[in-house]
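A structural model of the following input is requested.
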Amino acid sequence: MIELTAGAAVLTLDPEAGGRVAQLTVDGLDLLVERRESPTQWGCFPMAPWAGRTRHGRFTWQGTEHQLPLNKAPHAIHGVTYDRPWSVVATSEAHAELRIDLDERWPLGGWAYQRFDLEHDRLHLRLEVHAGEGPMPASCGWHPWFRRDLGRGGPLELDFRAGMMWVRDDEGIPSGAVVSPTPPPWDDCFTDMVDPPELRWPGALTLEIESLCKDWVIYTEPDHALCVEPQTGPPDALNLDPAEAAPGTDGGPDHPVIATATFLWRTG
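Residues are numbered from 1 along each chain as shown. Now for the predicted structure:
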């Protein structure tokens, strides 16, 4: 476990548990769901080299169809980095870097990198997916589980406005069409953000999430938690809207797919 500190903020990282944020504590308040048996049900974990579901675990790249393991049958979900140890690249009082090679479950090679920078009123996150020997499709992002009840202040409220929402089909995966957002409850992906999402525990803390990610999955159904997930593409992005990671040429730098996000908070 790695503990970063800045003022009244403490960030606990667990490289062994999928390189995730195990807890973000602000002014004594633990904001994230604590450790659970399932690796997809707690903390804030990175999703790479795809985020959300890939339909039936299949995608085609440069004319070749690939089959991913169906870890949430009949689909593949959340990539191959959340359930394996990450290597620690660097740490200091308020900074950490982690790295992992993509394993055999991902057929195109490559690796992923994370950076964490903690300040007294914010957390900066960076996630990169790097190609192996050749170009490859990718998407990435984070899956934070925010607690509805912090033990102080009121229950969690979400202020969230987006221009459009991806239509989910009978398999619960975006069909490719978009519509105006419908009312909650949600387990849906939104795009064309109007404002950064804001989570409020009245009387205790307000947290805003800023990101250049163009897609956001919002999951409001659990009674104990709420998920606000910035992603570089929607679920099934490998088929619908893949970004491309590419190796460098002629000794030049490579071109990863990059997600960034900042959690900003104020107490009271």
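
Enumerate every residue touching residue 172.
Applying CB atoms under 8 Å, 6 or more residues apart in numbering to residue 172 gives the contacts 53, 187. From N, CA and C alone the C-beta is placed, and that goes for glycine too.

On the three-state scheme, it is what?
Classification of residue 172 using DSSP: H, G, I helix; E, B strand; the rest coil returns coil.

State the pLDDT value of it.
Model confidence at residue 172, expressed as pLDDT, equals 93.

so what's the backbone phi/psi at it?
phi 80, psi 20 (degrees, to the nearest 10).

For the residue nearest the centre of the chain, give me its contacts.
The residue lying closest to the centre of the chain (CA atoms, centre = their mean) is residue 142, at 0.9 Å. Contacts for residue 142 were tallied using CB under 8 Å, 6+ apart; they are 44-47, 125, 127, 229-230, 259, 261.

ok, the lengthiest strand in the chain: who's next to it in the sheet?
When the chain is parsed with DSSP state E, its longest strand is strand 257-267. Strand 257-267 has the following sheet partners, assigned by DSSP bridges: strand 122-130 (antiparallel), strand 205-211 (antiparallel).

Most tightly packed of those strands?
When you average the neighbours per residue for each of those (mean count of other CB atoms under 10 Å), strand 122-130 leads with a mean of 22.

Need the CA coordinates for it. PDB is fine.
Below are the C-alpha coordinates for strand 122-130, written out as PDB (Å, rounded to 0.1, in the frame of the first residue of the first chain):
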ATOM      1  CA  ARG A 122      -7.500  18.200  -5.400                       C
ATOM      2  CA  LEU A 123      -6.300  14.900  -6.900                       C
ATOM      3  CA  HIS A 124      -4.800  14.700 -10.500                       C
ATOM      4  CA  LEU A 125      -5.100  11.400 -12.300                       C
ATOM      5  CA  ARG A 126      -3.500  10.300 -15.500                       C
ATOM      6  CA  LEU A 127      -3.900   7.000 -17.300                       C
ATOM      7  CA  GLU A 128      -2.100   6.100 -20.500                       C
ATOM      8  CA  VAL A 129      -2.400   3.000 -22.800                       C
ATOM      9  CA  HIS A 130       0.700   2.400 -24.900                       C
END
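
next SSE after that strand?
Using DSSP states H and E, the helix or strand that follows strand 122-130 in sequence is strand 136-138.

Quick one: mean pLDDT over the longest strand of the chain.
Mean per-residue pLDDT for strand 257-267: 97.

Show me the contact partners of that strand.
Contacts to strand 257-267, defined as CB under 8 Å, 6+ apart, come from residues 9, 24, 26-27, 49, 121-129, 138-142, 204-213, 230-232, 243-245.
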